[in-house]
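**Q** Return a 3D structure for these sequence lines:
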Amino acid sequence: MAKNPSVDSYVVVGGGVFGASTAYHLSKSHPEASITLIDRSSSFPCPLAASNDENKIVRADYGSIFYCELALKAREAWQNDPLYKPYYHQSGMVVVDESDIGRRIIKNYETLKAHHECEIVGPNEMIKRYDGLFADADYDRVKDIFINPLSGWAEATPAVRNVIDAAIKNGVKYVEGDVDTLVFGSSGNCTGVKLKGGDSEGPTLSGNKVILSTGAGTARLLADSAPDRKNLQVEDRITAAAVVTGFVQLTDEQMRRFKDAPIFIHAAGDVLGMLMF
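**A** Here you go, the predicted model:
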């Protein structure tokens, strides 16, 4: 338990992008608090986590105005904050889609009065862009192609590692451990987590606020921790998903050709995929 009950104590479970960011920002906004970040790996981010990746798209290009507004703030941080800026690459992004998603995105920017340089072009124009790099793409049934030169991508693994390092410097305690179950108090509120301990009972880490950033493991953790509490079960509120990723080693000549290529998302017809160079 926290030594001083009047001081907030946070237990953040999961050291991926959400857990790392949460611990870091808590350490800035609540410097007096006791903050513990738990993950099952001694190195971070965990090699099994989705955050442990070559790259992740950084964009505010969403049909949902809620996501768009939040992502605009995040993109600004990637562009300007010294913590994130070294890992951000503004490559631009192209979306080939049969729907009107591009026009809805632009409408969101205009509603939010946010600066943007987005444009909508047709297939004939797109074929000529980027030195004809995407001339052979499938544009069947596509009328509008969305282009945003201000979107980009981030180096995922070193960026998350840098955020966790910064959180630790701010006083966050990083604990290597595999969470077994959540711990509940007499009033039913979550008071901590119990770690797996091999052949013996694992230790319990307590806090007056427990934050789960456990991704695809959330449903099982809640089910194992409180099987009789239906209101805590995930059911259809969270759906675990997977993305298949492939890597291609480019030749020097290909590198020269593709070095200025944008992120290319194709979601038309029977082809759904994304290219990042």
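**Q** which secondary structure elements does the helix or strand harbouring Leu72 contact?
**A** In this structure, Leu72 is located in helix 65-80 according to DSSP states H and E. The contact analysis (3 or more Cβ pairs under 8 Å, 6 or more residues apart in numbering; DSSP states H and E) places helix 65-80 against strand 56-58, helix 101-111. In short, each C-beta sits where N, CA and C put it, glycine included.
**Q** what does the longest one contact?
**A** If I follow you right, that is helix 101-111. 60-65, 68-69, 95, 115-116, 118, 120, 144-146, 148 (Cβ atoms under 8 Å, 6 or more residues apart in numbering).
**Q** and these, which of them are in strands?
**A** When DSSP state E defines the strands, the subset of the contacts of helix 101-111 inside them is Val95, Ile120, Ile145, Phe146, Asn148.
**Q** Which member of those is positioned nearest Thr245?
**A** Ranked by distance to Thr245 (Cβ to Cβ), the ones in strands among the contacts of helix 101-111 are led by Val95 at 18.8 Å.
**Q** separation between the nearest residue to the closest one once chain neighbours are set aside and Asp136?
**A** Counting by Cβ to Cβ, 6 or more residues apart in numbering, the nearest residue to Val95 once its immediate chain neighbours are dropped is Phe146, at 4.2 Å. Taking Cβ to Cβ, to the nearest Å as the measure, Phe146 falls 19 Å from Asp136.
**Q** same thing with Pro45?
**A** On the measure of Cβ to Cβ, Pro45 and Asp136 end up 36 Å apart.
**Q** before we move on, what about Asn148?
**A** When Asn148 is compared with Asp136 (using Cβ to Cβ), they lie 22 Å apart.
**Q** For these two, indicate the residue with more neighbours.
**A** A direct count of neighbours by other Cβ atoms under 10 Å for Asn148 and Asp136 places Asn148 higher, at 23 against 8.
**Q** And the lowest-mean-pLDDT helix or strand in the chain, what's buried?
**A** Lowest by mean pLDDT, DSSP states H and E among the helices and strands of the chain is strand 271-275, with a mean of 82. The neighbour-count check on strand 271-275 (16 or more other Cβ atoms under 10 Å) flags Leu275 as buried.
**Q** Can you spell out which helices and strands pack onto that strand?
**A** strand 263-268.
**Q** Mind giving me the packing neighbours of the strand it packs on?
**A** The helices and strands touching strand 263-268, judged by 3+ Cβ pairs under 8 Å, 6+ apart, are strand 93-97, strand 271-275.
**Q** Format the ones you listed as TSV; extra columns: distance to Tyr109.
**A** Formatted as TSV, the helices and strands packed on strand 263-268 follow (distance: least, Cβ to Cβ, whole Å):
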stretch	distance to Tyr109
strand 93-97	14
strand 271-275	22
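**Q** Next, give phi and psi for Lys196.
**A** As for Lys196, its main-chain torsions (degrees, to the nearest 10) stand at phi -70, psi 140.
**Q** Let me know the distance separating Thr22 from Arg103.
**A** Distance check for Thr22 against Arg103: by Cβ to Cβ, it reads 34 Å.
**Q** Between these two, which has more neighbouring residues?
**A** Under the criterion of other Cβ under 10 Å, the comparison of Thr22 against Arg103 puts Thr22 first, with 20 against 14.
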